[in-house]
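# Take this sequence and fold it.
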Amino acid sequence: MEFFKIRKDIPFMRHAVVFNVMSIVMFSLAVGALTLKGLNLGVEFTGGTVMEVGYSQSADLAKIRESLDSGGMSESIVQSFGDSRTVLIRLPTKPEITGAKLSDQVFLLLKESDPQLELRRVDYVGSQVGEELVEKGALALLVVSLGIVIYLAFRFEWKFGLAAILANLHDVVIILGFFALFQWEFSLPVLAAVLAILGYSVNESVVVFDRIRENFRKMRKAEVREVINNAITRIMGRTIITHGSTQLMVLSILIFGGETLHYFALALTIGILFGIYSSIFVASPLILWLGISREDLIKPEVKKEEAVV
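Numbering: from 1, shown residues only. The predicted model follows:
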């Protein structure tokens, strides 16, 4: 039984130039946001203090933020952690005061509203550790990207590998652009989401490329555009079901996961949506512009000459 069966091929490649121009515009805007505003790096990258406190009853996050603002700590990040009575507070580094004194000040400030407030843990992240995390995070992205190119070059052909990595780069830069534009906190969970999207996007690209290669063998008289259009149309049902079910799961995390998982789920949501777009409207037109042909995938058989005795 096949859902969302489309009988007639959709001419995606007819509008390839339009979608490529849109992609370039979105990519440029994302790069501009990253250049002009930069990422709002979390405590894990910049260094600072992370406090976990427990309230006797459900914590009012808005009041906690107001208390911290009145105490001159407006840059603090307050979020629920685990349950409604546990709160996680992230405090950026202040040169004029140590992390221990800063955590003591915050604890005394919050204890005024709840005398039974419990300090459960305090973690300090130095700037040296933060810089190391930034370097290792960038290295992780680079290694994953190179691995994707090598894998696709061996599985298909170098043109497919180049198209896939450019499409994946498009997704990653746009996710980072959103976080830079709206100054959402970029933390370790968000970095994990970006790495997950790289794998998710390349999986979608492999499915499209595999169907294109299969079509080159079946549709021997068709033009390259027709082959690509047919390949994308044939996987539309699978794409709708797969991405729809995945997005429902991510939306449940976004809505019910609380502040701790909010930006993680938000990064995944942006990545999934643009992952669908890039695999169809970025990767596929790119292999068309790179001049993919049937000969690249199906090598002609070499006839052996019979020896003359």
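# Adjacent strands (with direction) for the longest strand seen in the chain?
In the chain, assigned by DSSP state E, the strand with the most residues is strand 83-92. Strand 83-92 sits in its sheet next to strand 48-54 (antiparallel), strand 77-81 (antiparallel), going by DSSP bridges.
# tell me the helices in the stretch 1-150 of the chain, going along the chain?
For the stretch 1-150 of the chain, applying DSSP state H, counting those that start in this stretch gives helices covering 16-36, 43-46, 61-70, 99-111, 127-155.
# Show me the shaky parts of the protein.
Counting by pLDDT under 70, the chain shows low-confidence ranges at 1-6, 126-130, 296-309.
# Find the residue at the geometric middle of it.
Taking CA atoms, centre = their mean, the centroid of the chain lies closest to Val194, which sits 3.1 Å from it.
# in the lengthiest helix in the chain, what's buried?
Longest helix in the chain, counting residues (DSSP state H): helix 188-218. For helix 188-218, a neighbour-count test (16 or more other CB atoms under 10 Å) marks 189-191, 193-194, 197-198, 200-202, 204-209, 211-213, 215-216 as buried. (Each C-beta comes from the backbone N, C-alpha and C, glycine too.)
# follow-up on the earlier one: dump the strands paired with strand 83-92 into a markdown table; add mean neighbour count and distance to Gly258 as well.
Listed next are the strands paired with strand 83-92 as a markdown table, based on neighbours: other CB atoms under 10 Å; distance: least, CB to CB, whole Å:
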| stretch | mean neighbour count | distance to Gly258 |
| --- | --- | --- |
| strand 48-54 | 21 | 14 |
| strand 77-81 | 19 | 5 |
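# quick one: which of the ones you listed is nearest Leu39?
Ranking these by proximity to Leu39 (CB to CB) places strand 77-81 first, at 14.5 Å.
# ok, back up a step: contacting residues for the residue nearest to the centre of the chain?
Listed by CB atoms under 8 Å, 6 or more residues apart in numbering, the contact set of Val194 reads 141, 172, 175-176, 267, 271.
# Quick check: it vs Ile175, distance?
Plainly put, Val194 is 6 Å away from Ile175 if you go by CB to CB, to the nearest Å.
# Identify the contacts common to those two.
With CB under 8 Å, 6+ apart, Val194 and Ile175 have common neighbours 267, 271.
# could you list every residue that touches Gly177?
The contact partners of Gly177, by CB under 8 Å, 6+ apart, come to 26, 29-34.
# Narrow the residues you listed to just the buried residues.
26, 30, 33-34.
# Turn those into JSON lines, including distance to Ile89.
JSON lines is the format used below for the buried ones among the contacts of Gly177 (distance: CB to CB, whole Å):
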{"residue": "Met26", "distance to Ile89": "35"}
{"residue": "Ala30", "distance to Ile89": "31"}
{"residue": "Ala33", "distance to Ile89": "28"}
{"residue": "Leu34", "distance to Ile89": "28"}
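# got the domain boundaries for the chain?
12-40+129-294, 48-125 (automatic domain parsing).
# quick one, which of the ones you listed is packed in tightest?
Ranked by mean neighbour count under mean count of other CB atoms under 10 Å, the domains of the chain are led by domain 12-40+129-294, which reaches a mean of 18.
# For Gly291, give me phi and psi.
Backbone geometry at Gly291, expressed as degrees, to the nearest 10, gives phi 80, psi 40.
# For Trp289, see how far away the residue nearest to it when sequence neighbours are not counted is.
Once flanking residues are discounted, Gly291 sits nearest to Lys159: 7.4 Å by CB to CB, 6 or more residues apart in numbering. Distance check for Lys159 against Trp289: by CB to CB, it reads 10 Å.
# Name the nearest residue to Ala196, sequence neighbours excluded.
Distances taken as CB to CB, 6+ apart put Leu268 closest to Ala196, at 6.8 Å, once the chain neighbours are dropped.
# how about the one you found, secondary structure?
Following DSSP: H, G, I helix; E, B strand; the rest coil, we place Leu268 in the helix state.
# Tell me which residues touch it, please.
For Leu268, the contact set (CB under 8 Å, 6+ apart) comprises 193, 196-197, 250, 253.
# got it, and Leu102?
Counting by CB under 8 Å, 6+ apart, the residues that Leu102 touches are 49, 91, 94.
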